[in-house]
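In: Here is my input; please provide its structure:
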Amino acid sequence: MAAEKLRDLTQPMDVSLLDATVAAFYGTGSKEERTAADHILRDLQNNPDMWLQVVHILSNTQNLNTKFFALQVLEGVIKYRWNALPVEQRDGMKNYISEVIVKLSSDEISFRRERLYVNKLNIILVQILKHEWPAKWRSFIPDLVAAAKTSETICKNCMAILKLLSEEVFDFSRGEMTQQKIKELKQSLNSEFQLIHELCLYVLSEASQRTELIRSTLATLHAFLSWIPLGYIFESPLAILPPNTNIPDAYALGSGEEQSHIRVLESSQENISALQLGLEYLISISYVDDTEVFKVCLDYWNSLVMELFQAHNNLDNSAVTANMMGLQMPFPGMVDGLASQLLQRRQLYAGPMSKLRLVMICRMAKPEEVLIVEDENGNIVRETMKDNDVLVQYKQMRETLIYLSHLDHEDTEKQMLKKLSKQLRGEDWTWNTLNTLCWAIGSISGSMLEEQENRFLVMVIRDLLNLCEITKGKDNKAVIASNIMYVVGQYPRFLRAHWKFLKTVVNKLFEFMHETHPGVQDMACDTFLKIVLKCKRKFVILQVGESEPFVSELLTSLPTTIVDLEPHQIHSFYESVGHMIQAESDPQKRDEYMQRLMDLPNQKWAEIIGRARQSVDLLKQQDVIRAVLNILQTNTSAASALGTYFLSQISLIFLDVLNVYRMYSELISTTIAEGGPYASKTSYVKLLRSVKRETLKLVETFLDKAEDQPQIGKQFVPPMMDPVLGDYARNLPDARESEVLSLFATIINKYKGAMIEDVPRIFEAVFQCTLEVSTEADFEMITKNFEDYPEHRLKFFSLLRAIATHCFPSLIRLSSEQLKLVMDSIIWAFRHTERNIAETGLNLLLEMLKNFQASEFCNQFYRSYFVTIEQEIFAVLTDTFHKPGFKLHVLMLQHLFCLVESDSLTEPLWDVTTVPYPYPNNAMFVREYSIKLLGTSFPNMTAAEVTQFVNGLFESRNDLSAFKNHIRDFLVQSKEFSAQDNKDLYAEETAAQRERERQRMLAIPGLIAPNEIQDEMIDS
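Out: I've put the predicted structure just below:
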């Protein structure tokens, strides 16, 4: 009865009854009571007339939760239906909200008591402003400023409203409002800012001594700093620093714009003294053992040092520098004067920057490569989890230290060497002191000139190696070892230029490979690989004073070197040596080195296969299966490095490996058939499947890395057709390896059109059973739902994309049923919420559309699929679950709308037998179909708005940027995307910004570490 009474909105609502329902929903009563209350509240919220009760509810309830419920209803109306309401209803609501805000904030007691309610009302008011202001509420800013001067609490709340408005327009508007609306609001805020500025000055200069009001005014100004003209700050009384200002606090809490106020402090001797004192304070604060305090300081130091470096770096371009520094340069003859000013400025900061270098050295964060850390109990252990906060801090500190190094290389070098010599003498020796020093030394790699770097590194590596010799204690040695490995891994240019140091360092790494302290062996193997990748030629040429190339010496002692390593470390070692051998240009020597490298695994393989020929059951023993797996993994590691040169080795074992693959596959099928579905989860079956997967990975790695030589394809692909492809088709779904799909995708990507004849066989073996189309056309294995067989999903669509890209003629030869199966599976792919699968499906579809457009089957294909594709793309574009695919959705729609206006289609897209009205052309048909489709999908939009959007798609189709912005505006207008995180709609622009930042960093030596730059190292 009560529920029906509440649902009857033809008369004023019984507010006490609503209070009771809301209380039941939030209360601790029974589950049934809460569920019933939830149903009632949802029904009310969904009722389009409920908002007319909001004023009545707010006026008659004291319950905060009821007020919030009413405001939630109102917020929905403002977002989605505001412009459709009659003018008098809109004016009535905005006046009511304004009056309640003024009433509650005019009195200190009610303002404090109703603070949460007022905050929500402020948000509602700003939502109304986004629709009404400036066109329909021109007096808003003058009215607000006038009200603010009547009471301190009203003023404080007005500041909160202005701050919210600024954030909505300038910080959070992207993806929330149309481009035109954002532009209009920004212009209005700029044009009316003088009134706001005068109010802020009024508060800060004379009106109040109340801390809270001043704080909220400063917070509002802070929100404005990203967009207001700087004159409002620096040409007003706000810019004058009182003599008793606490400069360190002002710096530490300052934003980018506030920090640039430092220029004002450079203008007179009195101010310079204050600046020097402030910098001293800030350096002291930077030593405070509090991460959050240090982060604030670091942000400031980073921006200051970057600006000093840019001025120093641009000395050649005096005009640019003058402009950047805010210096006057009325005529060209002032170049010398400018250089003098810049020099004076550098000298002004020389002292503080020297002290800052020491701060950075002492507090350097841990780089990603370091695996050995001190735990909370003071023990040295292997790191188990990466700390992303520390990595972010390391990147910022590294950048800051590189700028500091460029400003004064000599001081940087002197401070580091002085601190290192103290460690050697045992002064100030702690793990942390040595760690931060070595992390700092490693971080500035690439920032010095080569000659200076050589001199510096000779002393650093010599001192670290001596420290390792003289220091006792297992933990101490582990810390020093990790630091040696980190530093040498950062300076490949130095190692390439100094063979003796390189040899000493690598032999030291081999020593560390016997050190069983957690993390040391892993780091030794990682560092060895990193060094080999940058110095590989050095190991295969005969160096002065050596009797044989280092690689030969290494291969002789290989069994001893790897004796204490774990299997995964041995695989890494084999990859490293493979890279060395790959650098040998003499084919005979290269083959000899490879045979020696693979000697141990080959002996073990020959022994297993020899014994298996006597008794095949041997291969079923778990220790033998593990040995086979280990041998295959070792081969894969070597193949990844050697590429084509691995041919003789893989040829040696390939047929035996395929036989083992076939045998293990039959064993798996038998076990599952006998043991039921749970048999596939047993450790024994998992181990057998690991061997199958590694076999596929080995072949895929070799074919992928090998040069494009047709005879390699002819040698390896045909023998795999039955043991691998046939086996995939014959197996139970639980026993099918997804790596088969990625292997054949790699083969098709590698050998392209040469594989056309094999595609029908691949299609038959893979498509039917992976999609498992039954008579009811249910997609079983990967289309039954979005969760089962996750590994098969992406790999299946990657294979399909490879076929569509390189063997498109084979798709044309498919029957209409098979092509429909392919198209249905692609549509299913881009509906998927897993980003990789959806993107692969969209890329695949885009390629297929372009290929079909250029083919003789263009009319036939598009008549069958155009409408379906358009409908499905609009569905994922507007459903808010597929925002990462926005760029591809746009490209797809652009292709479709360009296609119908092109000459490619010569026949109608509509079915002439069922559509009585003959359209004059395909463009008119698509226009009408699109308007009908979107009009049905978005009933909240008017027919005029939908028609305007579709017309805009046709008009902007040849300009991708305009086309994309038009669709973004539609998504905001449709309200599907309001109040959500819409950054994925702008992912393309974000990626372009990241690339610009990378190019900027590449231009500054050292900002991108030498081992992160993909260069071709040419060793002489």
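In: how about the strands in this structure?
Out: With strands called from DSSP state E, the chain shows them at 372-374, 380-382.
In: contacting residues around A24?
Out: Neighbouring residues of A24 by CB atoms under 8 Å, 6 or more residues apart in numbering: 33-34, 36-37. Using the backbone N, CA and C atoms, a C-beta is placed for each residue, glycine as well.
In: Just the buried ones from those residues?
Out: Listed as buried from these are 36-37; burial here means 16 or more other CB atoms under 10 Å.
In: could the contacts of A24 go into TSV alongside distance to I283 and pLDDT?
Out: Listed next are the contacts of A24 as TSV, based on distance: CB to CB, whole Å; pLDDT from 0 to 100:
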residue	distance to I283	pLDDT
E33	62	81
R34	57	83
A36	64	85
A37	59	85
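In: Pull the most distant pair out of the contacts of A24.
Out: Greatest spacing in the contacts of A24, by CB to CB: R34 and A36 (7.4 Å).
In: Quick check: the gap between the residue of the chain most remote from its centre and Q621.
Out: Distance from the centre of the chain peaks at Q614, with 54.6 Å (CA atoms, centre = their mean). Using CB to CB, to the nearest Å, Q614 is found at 14 Å from Q621.
In: now the stretch 751-900 of the chain, which segments are flagged as low pLDDT?
Out: The model of the stretch 751-900 of the chain has pLDDT under 70 over residues 768-790.
In: how about the helices in it?
Out: Ranges of helices in the stretch 751-900 of the chain, per DSSP state H, counting those that start in this stretch, are 759-762, 768-771, 790-806, 808-812, 816-831, 835-853, 858-878, 886-900.
In: and A923, which of those helices is closest to it?
Out: In terms of CB to CB, the element of the helices of the stretch 751-900 of the chain nearest to A923 is helix 886-900, at 4.9 Å.
In: which residues sit against the closest one?
Out: With contact meaning CB under 8 Å, 6+ apart, helix 886-900 is reached by 839, 842-843, 845-846, 849-850, 853, 862, 866, 869-870, 873-874, 876-877, 882, 905, 909, 922-923, 925-926, 953-954, 957-958, 960, 963-964, 967, 984-985, 987-988.
In: So which of the helices of the stretch 751-900 of the chain is the most surrounded?
Out: Among these, the stretch with the highest mean neighbour count (mean count of other CB atoms under 10 Å) is helix 790-806, at a mean of 22.
In: Kindly format the C-alpha coordinates of that helix as CSV.
Out: Extracted in CSV, the C-alpha atoms of helix 790-806 (Å, rounded to 0.1, in the frame of the first residue of the first chain):
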residue,chain,number,x,y,z
PRO,A,790,41.2,-17.0,-23.5
GLU,A,791,44.6,-17.9,-25.2
HIS,A,792,42.8,-19.2,-28.3
ARG,A,793,40.8,-16.0,-28.8
LEU,A,794,43.4,-13.5,-29.7
LYS,A,795,45.6,-16.0,-31.6
PHE,A,796,42.7,-17.2,-33.7
PHE,A,797,41.9,-13.6,-34.8
SER,A,798,45.6,-12.9,-35.4
LEU,A,799,45.7,-15.9,-37.7
LEU,A,800,42.6,-14.7,-39.5
ARG,A,801,44.1,-11.3,-39.9
ALA,A,802,47.3,-12.8,-41.4
ILE,A,803,45.2,-14.7,-44.0
ALA,A,804,43.2,-11.6,-44.8
THR,A,805,46.3,-9.5,-45.2
HIS,A,806,48.6,-11.8,-47.2
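In: Next, the angle helix 816-831 makes with it.
Out: Relative orientation of helix 790-806 and helix 816-831, computed by axes from the mean of the first three to the mean of the last three CA atoms, to 10 degrees: 120 degrees.
In: Work out the gap between helix 790-806 and the centre of the chain.
Out: 24 Å (CA atoms, centre = their mean, to the nearest Å).
In: Can you name every helix or strand that it contacts?
Out: Contact partners of helix 790-806 among helices and strands, from 3 or more CB pairs under 8 Å, 6 or more residues apart in numbering; DSSP states H and E: helix 739-751, helix 759-762, helix 808-812, helix 816-831, helix 835-853.
In: Just put those in JSON lines and tack on distance to L279.
Out: Putting those into JSON lines (distance: least, CB to CB, whole Å) gives the following:
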{"stretch": "helix 739-751", "distance to L279": "57"}
{"stretch": "helix 759-762", "distance to L279": "68"}
{"stretch": "helix 808-812", "distance to L279": "66"}
{"stretch": "helix 816-831", "distance to L279": "56"}
{"stretch": "helix 835-853", "distance to L279": "47"}
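In: Which of those helices sits closest to Q344?
Out: Evaluated over those, closeness to Q344 peaks at helix 835-853, with 53.8 Å, by CB to CB.
In: circling back to that earlier point, L696: which of the contacts of A24 is nearest?
Out: Using CB to CB, these come closest to L696 at R34, 53.4 Å.
In: Please report how far A765 lies from V724.
Out: To V724, A765 is 9 Å away according to CB to CB.
In: One more: V912?
Out: Following CB to CB, the distance that separates V912 from V724 is 48 Å.
In: if you count what's nearby, which of those two comes out ahead?
Out: V724 (24 against 10; other CB atoms under 10 Å).
In: quick one: contacts for the more buried one?
Out: Residues counted as contacts of V724 (CB under 8 Å, 6+ apart) are 658, 661, 696, 740, 743.
In: Mind doing that once more with 6 Å?
Out: V724 makes contacts with V740, as judged by CB atoms under 6 Å, 6 or more residues apart in numbering.
In: what do you get for T412?
Out: With contact taken as CB under 6 Å, 6+ apart, T412 is in contact with 357, 405.
In: Now do it against L495, distance only.
Out: Between T412 and L495 the computed distance is 21 Å (CB to CB).
In: Repeat that for E450.
Out: Using CB to CB, E450 is found at 12 Å from L495.
In: circling back to that earlier point, wait, which of the helices of the stretch 751-900 of the chain is closest to I123?
Out: Closest approach to I123 among those (CB to CB): helix 858-878, 25.9 Å.
In: Off-centre distance for that closest one?
Out: In this view, helix 858-878 has its centroid 31 Å away from the chain centroid, taken as CA atoms, centre = their mean.
In: With stretch 24-32 instead?
Out: With CA atoms, centre = their mean, you get 42 Å for stretch 24-32.
In: and the end-to-end length of that stretch?
Out: For stretch 24-32, the first and last residues are 10 Å from each other (CA to CA, to the nearest Å).
In: Ok, stretch 546-564 next?
Out: One end of stretch 546-564 sits 27 Å from the other (CA to CA).
In: Tell me the buried residues in it?
Out: Neighbour-count burial for stretch 546-564, counted by 16+ other CB under 10 Å, picks out 549-552, 554-555, 558, 561-562.
In: Also stretch 573-590?
Out: Neighbour-count burial for stretch 573-590, counted by 16+ other CB under 10 Å, picks out 573-584, 590.
In: what does stretch 452-464 give?
Out: Buried positions in stretch 452-464, judged by neighbour count with 16+ other CB under 10 Å: 453-454, 456-457, 460-461, 464.
In: Restricted to helices, list these.
Out: Among those, the members found in helices (DSSP state H) are 453-454, 456-457, 460-461, 464.
In: So for E450 and L495, which sits in the more crowded spot?
Out: For the pair E450 and L495, the greater number of neighbours falls to L495 (22 against 11), based on other CB under 10 Å.
In: Low-confidence bits of the stretch 351-500 of the chain, can you list those?
Out: For the stretch 351-500 of the chain, the stretches flagged by pLDDT under 70 are 371-386.
In: right, I mislabeled it, should have said the stretch 901-1020 of the chain
Out: In the stretch 901-1020 of the chain (pLDDT under 70), the answer is 975-992, 994, 1000-1001, 1003, 1006-1007, 1009, 1011-1020.
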